[in-house]
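# The following comprises the amino acid sequence and a computationally predicted model.
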Amino acid sequence: MATPRTALLSARRVGFALLYLATLALFARELGQFSDRQTGLSSLVLFGDHFTPRRLPQLADVPLYTYEGSDGYDGQFYAQIAAAATPFDPALARALDAPAYREGRILLPLVVHALGRGRPARIIQLFALANLVCLGLLAALLARWWFPPGELDDLLRWVGSVFGAGMVVSATRSLTDGPALLVIAIAVRQLEKGRDGPAALLLALAGLVRETSVLAIAALWPSAPTGEARRKAIRLALVAAGPIFLWTAVLAARYGHTDGLRNLAPPFLALPRKARELVASWHTEGFSVGVRSELLVLTGLAVQVWFIATRRRPGEPWWRVGASFSLFVPLLGWPVWEGFPSSAARVLLPLTLAFNRLVPRGRGGLALLVAGNLGVATLPALVDSVTASEQTTFAGGVTARYETGWFPPEHEGRETWRWASGPAVLALYNPGVEPRAVTLDLKLRAVTARTITVGAGTPGVDLRRVLNVPASLLPVHLGPFLLPPGRTEITFSTERGQPNQSGVDQRPLAFSLHRFFVNVAPGR
């Protein structure tokens, strides 16, 4: 029969377990806003329109969320490696910003390509999901192995490892850092159980996910370094490091180099520049969200490095991992530290997990955990930093341009829209030599209920619809119709709006256009 104390402990564990699950559910809900009916979760891959002309041909007819006026982010390159027929597809040399560097992180794209069975549209969605799946698996394994529900201490360690700045940036930009950390964590767990061989093999896989994972090979060094133990560790290290070095040699032979994006620099060269950047931003922006968030992330990382440096525990595999990544910090180049969010927190994810694993328990440990995990407080800012974009680039190279009658775009959260002052023209461009079958999805809202006629200002295009638009959002589906090569006018005819003399916004607003999207049927 359970005693009252046992029942209380059990209830406490259940309460904390529910808190863990609720935290994961809230994060999943937050990222759910990135999904839409036309492009799925591709907004998490961050395709930028600056790279659209170089995009992989296999994605030409895939509807992708594209960020206007943007370079996008690194995930778009790894996703294209996954979508390519093989890693040696000649089109990748054009599609990637740094082919030899990007293709070094080959394992995640290969796994996603296999799961997607070579179908580009499915591959992009799976790639966007990969980080979320890895985050969920890591959360479950940390709760089972090292930070079980039941104590505030373990909750702080778990939250700091799963929802720190590095993991959030990886998840919201479809990068390789989070998946690499998952493999490293499983490898170190195998070491803790005395399974050296499986640990080395897993670290070899981690290196192919992200090459900096090779630093975690330090975990293989023996706790009691006898001669035989050292020789065994060297053999295991060769197993762990061999695949990434062989793959790097293959890439060097193919491209003639393996240099990347200046992510490494002489010791301590980039850190002073980061300090100057923060000071300059503080002077120009004040204590803005970006400045505040970056200071919190960097302070947390500094605490982690300080802890590893001052609490030497070379007998612990996680300490050896933390020490190797701490020594890596001064060598990080300017692109890793630049801007908000900087890449430092995600590059140093193994250091963060090592810190949370090793901090001693007790009141002092709680304070240290809070200080080292300050980056968790930046989670809302990191999610919001992926700002929504008006969609003007569509499948088949079709683009849209807002011409007369429109005010600049506005957005709130993941919603984007444009106000029109009255009659307005939106032009579609088909770059091909053949007509393309398209449909238009959009939402309209009037300041006060009005009639809007949507039609084609280009002769020969069969499109005309009379809409009674209310003061609430009205979903509209137009087409299908054939979009001829070149420019096609889409006209919105209505009475001119009147300025609101009693409001702050005195623009002559007539109606607003929301979530405009061109669905292009696949070409032949």
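Received, thanks. Numbers count the residues shown, from 1 in each chain.
# shaky segments in the protein?
1-5, 7-9, 260, 501-503, 524 (pLDDT under 70).
# so how far is Tyr78 from the most centrally placed residue in it?
Centroid check for the chain by Cα atoms, centre = their mean gives Arg173 as the closest residue, at 1.1 Å. Using Cβ to Cβ, to the nearest Å, we find Arg173 at a distance of 10 Å from Tyr78. (Each C-beta comes from the backbone N, C-alpha and C, glycine too.)
# Equivalent analysis for Trp158, please.
Applying Cβ to Cβ to Trp158 and Tyr78 gives a distance of 27 Å.
# And for Gln38?
Counting by Cβ to Cβ, the gap from Gln38 to Tyr78 is 22 Å.
# With neighbour numbers in mind, choose between those two.
Neighbour tally, Gln38 and Tyr78, criterion other Cβ atoms under 10 Å: the higher count belongs to Tyr78, 23 against 16.
# Leaving out the residues flanking it, which one is nearest to that one?
Pro109 (5.6 Å; Cβ to Cβ, 6 or more residues apart in numbering).
# for the stretch 301-450 of the chain, what spans make up the strands?
For the stretch 301-450 of the chain, the strands defined by DSSP state E, counting those that start in this stretch occupy 399-402, 410-412, 415-420, 424-430, 436-446, 450-456.
# Pipe the ones you listed into TSV and attach distance to Leu59 and mean neighbour count per row.
Below are those laid out as TSV (distance: least, Cβ to Cβ, whole Å; neighbours: other Cβ atoms under 10 Å):
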stretch	distance to Leu59	mean neighbour count
strand 399-402	15	17
strand 410-412	25	11
strand 415-420	22	20
strand 424-430	18	21
strand 436-446	16	19
strand 450-456	28	18
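# For Pro522, which of those is the nearest?
strand 436-446 (9.2 Å; Cβ to Cβ).
# Between strand 450-456 and that closest one, find me the angle.
Orientation check (axes from the mean of the first three to the mean of the last three Cα atoms, to 10 degrees): strand 436-446 against strand 450-456 gives 160 degrees.
# Strand 436-446: partners in the sheet, and parallel or antiparallel?
If you go by DSSP bridges, strand 436-446 pairs up with strand 474-483 (antiparallel), strand 511-520 (antiparallel).
# and Leu349, which of these is closest to it?
Nearest to Leu349, of the strands paired with strand 436-446 and by Cβ to Cβ, is strand 511-520 at 34.8 Å.
# From the chain's centroid, how far away is that closest one?
25 Å (Cα atoms, centre = their mean, to the nearest Å).
# so that strand versus strand 415-420, what angle?
120 degrees.
# what's the angle between strand 511-520 and strand 424-430?
10 degrees.
# about what we covered before: adding distance to Gly286 and mean neighbour count, write the strands paired with strand 436-446 out as CSV.
Below are these laid out as CSV (distance: least, Cβ to Cβ, whole Å; neighbours: other Cβ under 10 Å):
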stretch, distance to Gly286, mean neighbour count
strand 474-483, 41, 17
strand 511-520, 32, 20
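# got the ones you listed as TSV, with distance to Glu294 columns?
Putting the strands paired with strand 436-446 into TSV (distance: least, Cβ to Cβ, whole Å) gives the following:
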stretch	distance to Glu294
strand 474-483	40
strand 511-520	32
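# and of those, who's closest to Arg363?
So among the strands paired with strand 436-446, strand 511-520 is nearest, using Cβ to Cβ, at 51.2 Å.
# Let's have the strands of the stretch 301-450 of the chain in JSON lines, adding distance to Pro243.
JSON lines is the format used below for the strands of the stretch 301-450 of the chain (distance: least, Cβ to Cβ, whole Å):
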{"stretch": "strand 399-402", "distance to Pro243": "42"}
{"stretch": "strand 410-412", "distance to Pro243": "44"}
{"stretch": "strand 415-420", "distance to Pro243": "44"}
{"stretch": "strand 424-430", "distance to Pro243": "46"}
{"stretch": "strand 436-446", "distance to Pro243": "44"}
{"stretch": "strand 450-456", "distance to Pro243": "56"}
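# do you know which of the ones you listed lies nearest Arg507?
strand 415-420 (6.9 Å).
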